[in-house]
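Engineer: All I have is the shape, not the residue letters:
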């Protein structure tokens, strides 16, 4: 049961009314990690279908308060406590879960197949785990899970404009955090990593070769001879910002150069610089410099 498909099957089991998914590319892992937004805005007052079995975990972040949770695990009723917005729970999909729709819910779920976690643990120098030290009936207030999940709000709101490099960044960061925090794995010390000059040049060359963010973070890290975590740390320490942020600034700078030095239509410039269309470029540039591309072009050419 692969990637995006599991998110939809989970949504169907929970009788959700709205579902959106992203998949972090496989690259150096043996299976894909998927991130899915699932919501139902009104209570259903009915049993859910059983959550589909899989050799995987689900990390579920609550985007709104879940005041009443009624849950059976392996056909036994359990005391599932209410969860506040921002709380998370980890579910082992080798177990059987059935709920009762007593409350509306809004979740961001990370689907973590065991083969992907085992491969990721090997890459990151961590001990693989078969289980996590966590009770999904209680949940956890985990700031890292919360901030990573909330960071995807923009991607879910505008999926056509989503930066896939950023989705990769979030998914791999969450996998590393869950492994090290709840799987009791160990991490090689990252130390004070910085990129060497050739690593910085190569990383920027690769990032700039796909302005739409289409290259997986794992591939770029591998080209630099680093693990994903070490590369993220080293790139930020050397350049002053993470790879997805550097790429966005690079796209904006190129768009501004083309606006100033070419007469190309706005749609053509947007696509050449990795944006979906002129509206996408207009929104991003407006956030960056406070005016529209058309107004900026008039200013610099006047």
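Structural biologist: Received it, and whenever you're ready, just let me know what you need. Here the structure is a predicted model, which means the values were calculated and not measured.
Engineer: Would you mind splitting this structure into its domains for me?
Structural biologist: Residue ranges for the domains of the chain, per automatic domain parsing: 3-182, 197-240, 250-301.
Engineer: what separates the second one from the chain centre, distance-wise?
Structural biologist: A distance of 17 Å separates the C-alpha centroid of domain 197-240 from that of its chain, computed with C-alpha atoms, centre = their mean, to the nearest Å.
Engineer: and the domains of the chain as JSON lines, adding mean neighbour count?
Structural biologist: In this view, the C-beta of every residue, glycine as well, is placed from N, C-alpha and C. Shown next, in JSON lines, are the domains of the chain (neighbours: other C-beta atoms under 10 Å):
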{"stretch": "domain 3-182", "mean neighbour count": "18"}
{"stretch": "domain 197-240", "mean neighbour count": "18"}
{"stretch": "domain 250-301", "mean neighbour count": "16"}
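Engineer: As a check, name the ranges of all helices in the stretch 51-200 of the chain.
Structural biologist: Remark: helices assigned in the stretch 51-200 of the chain by DSSP state H, counting those that start in this stretch are 114-124, 143-150, 153-157, 164-182, 197-209.
Engineer: of all the ones you listed, which lies closest to residue 269?
Structural biologist: The closest of the helices of the stretch 51-200 of the chain to residue 269 is helix 197-209. By C-beta to C-beta, the value is 16.2 Å.
Engineer: that older thread, mind putting the helices of the stretch 51-200 of the chain into TSV with mean pLDDT and distance to residue 236?
Structural biologist: Shown next, in TSV, are these (pLDDT from 0 to 100; distance: least, C-beta to C-beta, whole Å):
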stretch	mean pLDDT	distance to residue 236
helix 114-124	80	17
helix 143-150	93	16
helix 153-157	86	20
helix 164-182	85	11
helix 197-209	92	11
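Engineer: Please produce TSV containing those, extended by distance to residue 52.
Structural biologist: Formatted as TSV, the helices of the stretch 51-200 of the chain follow (distance: least, C-beta to C-beta, whole Å):
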stretch	distance to residue 52
helix 114-124	15
helix 143-150	22
helix 153-157	22
helix 164-182	20
helix 197-209	37
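Engineer: For residue 88, find the nearest of those.
Structural biologist: Once the helices of the stretch 51-200 of the chain are compared by C-beta to C-beta, helix 143-150 is nearest, at 4.5 Å.
Engineer: got the contact list for residue 269?
Structural biologist: Residue 269 makes contact with 255, 258-259, 262, 278, 281, 293, according to C-beta atoms under 8 Å, 6 or more residues apart in numbering.
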